[in-house]
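Undergrad: just coords:
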């Protein structure tokens with residue numbers, strides 16, 4: 001199970017962030033959005049039988065809040081997820097550094113952020129609200145698509161497409177996290193600013209996912225009579 005979480009998060013970070021760092025100029029924001037979503041879809045069907053494809057610490061905590069996972073299991077998941085993201089960011093750094101004119105200080109490593117000099121230069125409040133709400137909605141899709149009575153064969157597709165839409169809206173705001181592991185990996189190699197802003201991409205997604213988990217646990221979203 002550890003290997004599945006590790007590989008899944010590794011794939012998401014390497015291919016998602018890699019699309020921005022290596023091919024961003026060619027594929028644009030739309031292409032980057034689909035890279036993240038398609039990477040998740042691929043892993044959803046590739047590793048779900050052995051790991052459930054929980055490749056996001058916020059999602060694991062949301063599952064705990066919804067009563068679908070025990071805390072010790074979630075902790076094990078999160079360790080694997082963060083480890084996979086860090087190794088993926090290191091691999092991406094090595095690959096990107098192979099280009100003569102590449103500089104992490106200039107080109108970045110797909111790290112999340114906000115404020116002056118970052119993408120649309122949105123405020124910290126806008127960044128926090130977006131990450132909270134986007135993760136909440138993402139978690140709603142995950143819990144709904146994997147719940148009892150849902151067509152589970154389509155769950156990976158629904159979740160991956162939801163991630164695409166979230167990126168289409170949010171890349172210009174924060175680069176889109178909705179996943180603390182995805183943010184931690186690149187930030188560790190991207191410099192002081194990315195590390196200093198990392199708290200938001202841990203706190204907001206975790207709170208959003210837990211809020212969605214609590215909502216599902218209350219039964220308010222159960223099928224109507």
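TA: Structure's in. What do you need? On a predicted model such as this, the values are computed, not experimentally measured, just so you know. Numbers count the residues shown, from 1 in each chain.
Undergrad: Can you tell me which helices and strands the helix or strand of the chain with the lowest mean pLDDT packs against?
TA: Lowest on mean pLDDT, DSSP states H and E among the helices and strands of the chain sits helix 104-107, with a mean of 76. With contacts taken as 3 or more CB pairs under 8 Å, 6 or more residues apart in numbering; DSSP states H and E, helix 104-107 sits against helix 71-96. Any C-beta I mention is one placed from the backbone N, CA and C, and that applies to glycine too.
Undergrad: Just the mean pLDDT for the helix it packs on, thanks.
TA: For helix 71-96, the mean pLDDT works out to 96.
Undergrad: Likewise for stretch 22-35?
TA: Averaged over stretch 22-35, pLDDT sits at 95.
Undergrad: do the same with stretch 146-153
TA: On average, stretch 146-153 scores 76.
Undergrad: same thing with stretch 114-122?
TA: Across stretch 114-122, pLDDT averages out at 96.
Undergrad: Show residues contacting it.
TA: Stretch 114-122 has contacts (CB atoms under 8 Å, 6 or more residues apart in numbering) with 113, 123-124, 126-127, 130, 171-175, 197, 200.
Undergrad: go with 10 Å
TA: Here stretch 114-122 makes contact (CB atoms under 10 Å, 6 or more residues apart in numbering) with 29, 108, 111-113, 123-131, 170-175, 193-194, 197, 200-201.
Undergrad: Run through the neighbouring helices and strands of the longest helix seen in the chain.
TA: Longest helix of the chain, by residue count under DSSP state H: helix 2-51. When contacts are defined as 3 or more CB pairs under 10 Å, 6 or more residues apart in numbering; DSSP states H and E, helix 2-51 sits against helix 57-65, helix 71-96, helix 104-107, helix 155-174, helix 180-190.
Undergrad: ok, 7 Å please
TA: Helices and strands touching helix 2-51, by 3 or more CB pairs under 7 Å, 6 or more residues apart in numbering; DSSP states H and E, are helix 71-96, helix 155-174, helix 180-190.
Undergrad: re earlier: for the least confident helix or strand of the chain, which outside residues touch it?
TA: By CB atoms under 7 Å, 6 or more residues apart in numbering, the residues outside helix 104-107 that reach it are 21, 93, 96, 189-191.
Undergrad: Can you say which of those are buried?
TA: Using 16 or more other CB atoms under 10 Å as the burial test, the contacts of helix 104-107 include 21, 93, 96, 189-190 as buried.
Undergrad: between those residues, which is closest to residue 183?
TA: Nearest to residue 183, judged by CB to CB, of those is residue 190 at 10.2 Å.
Undergrad: Tell me which residues touch that closest one, please.
TA: For residue 190, the contact set (CB under 7 Å, 6+ apart) comprises 104, 108-109, 111.
Undergrad: Let me have the buried ones among the contacts of helix 104-107 in TSV, adding distance to residue 54 as columns.
TA: TSV is the format used below for these (distance: CB to CB, whole Å):
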residue	distance to residue 54
21	25
93	25
96	28
189	24
190	25
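Undergrad: of those, closest to residue 58?
TA: The closest of these to residue 58 turns out to be residue 190 (CB to CB; 20.3 Å).
Undergrad: gap between the closest one and residue 139?
TA: Using CB to CB, to the nearest Å, residue 190 is found at 26 Å from residue 139.
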